[in-house]
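1. task: produce atomic coordinates for the following.
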Amino acid sequence: MSLPPAPPPIAQLGRRPFSFYPAILNIEHNEWLYRRATWPEILVQNTNTQQEIWVPRQYWGAISLVEEPVMIVGLTKELEYREGAVWPARRRVIEMPRAVNEGPRPMPGRSTDRPAPVIGIRLENNSKSRIGRLVLGGAALSLAACVLVVSLYRGGVVGNRIIYAPLVQPELSFTAADGYDAVVRAIGVPDVDQWRDGGDLQYRVLVYKRQGINVILAGRARADVRYVGALDRAWNPVHTGNGSVLRALPRF
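-> Okay, the predicted model is just below:
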């Protein structure tokens, strides 16, 4: 005597409705009730159309643990309803439209010795192409001229062709209390060390050529000169220790 089929997990739902995921194709309303089961198939009924269909057990998957808004029963393969039964869905291949002058496509697996079809391509008007090239060429020349002019005026004087190389200036952190020894410890021995008599004040100019700066020390006596600031080659202040003295300093 044959044994009755084991009840599937879906039987535990009783009369509670559920939905398939993915939905069975060609059936609009996706809400079902469990009816009964055999060894190979499970019968379900559509709650809207009352239609009953048999779904093979091999396509049944897991059942969701959450019932809101509806219980979900997974399918292991996308199915479609046709010819009164449920089958694995078939994906139909849509043939792309043929290009102009294209002959029939060869069947897959067959080789052909004929050359590929030639599709005519309309070339743009030669005059329009020539004008486009002229416009692009003019734009490129204008850009190159602008770059050249900017580089000349930033790097030096155009008229006498004097070009100044960029210099790396050290970070100055001197104060008005620093003297010659503090400057030498921070920057090093100057390339030029010279004195200038300013009447009431004595000026000591320490020239650092590589850094492009002139460190100025000033005081009433040469033994008591202190840091007042630093100037670049154009005698522009780059750092100030004593602003009032530095502003009154004549150019040497």
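2. now for the chain, the helix or strand with the poorest mean pLDDT.
-> Using mean pLDDT, DSSP states H and E, strand 162-163 stands out as the lowest-scoring helix or strand of the chain, at a mean of 43.
3. tell me the SS of residue 145?
-> The local conformation at residue 145, judged by DSSP: H, G, I helix; E, B strand; the rest coil, is helix.
4. so what's the residue count around it?
-> Using other CB atoms under 10 Å, residue 145 has 10 neighbouring residues. All C-beta atoms are positioned from the backbone trio N, CA, C, and that covers glycine.
5. next one: the residue nearest to residue 194 when sequence neighbours are not counted from residue 63, what distance?
-> Using CB to CB, 6 or more residues apart in numbering and skipping residues adjacent in sequence, the residue nearest residue 194 is residue 205, 5.2 Å away. To residue 63, residue 205 is 93 Å away according to CB to CB, to the nearest Å.
6. residue 186 now?
-> Residue 186 sits 80 Å away from residue 63, going by CB to CB.
7. residue 81 too?
-> For residue 81, the distance to residue 63 (CB to CB) stands at 21 Å.
8. same question for residue 180.
-> Per CB to CB, residue 180 is found 91 Å from residue 63.
9. residue 32 touches residue 43, doesn't it?
-> No: Residue 32 is not in contact with residue 43 according to CB atoms under 8 Å; the separation is 10.1 Å.
10. care to break this structure down by domain?
-> As assigned by automatic domain parsing, the chain contains the domains 9-88, 180-247.
11. which of the ones you listed is buried the deepest?
-> The highest average neighbour count among the domains of the chain, using mean count of other CB atoms under 10 Å, belongs to domain 180-247 at a mean of 16.
12. just the endpoints, please. Distance across it?
-> Domain 180-247 has an end-to-end distance of 20 Å (criterion: CA to CA, to the nearest Å).
13. tell me the first helix or strand C-terminal of the least confident helix or strand of the chain.
-> Moving toward the C-terminus from strand 162-163, the next helix or strand (DSSP states H and E) is helix 180-187.
14. who does the next helix or strand after that next one touch, helix- and strand-wise?
-> On the C-terminal side of helix 180-187, the closest following helix or strand by DSSP H and E is strand 192-197. On a contact count with 3 or more CB pairs under 8 Å, 6 or more residues apart in numbering; DSSP states H and E, strand 192-197 meets strand 202-208.
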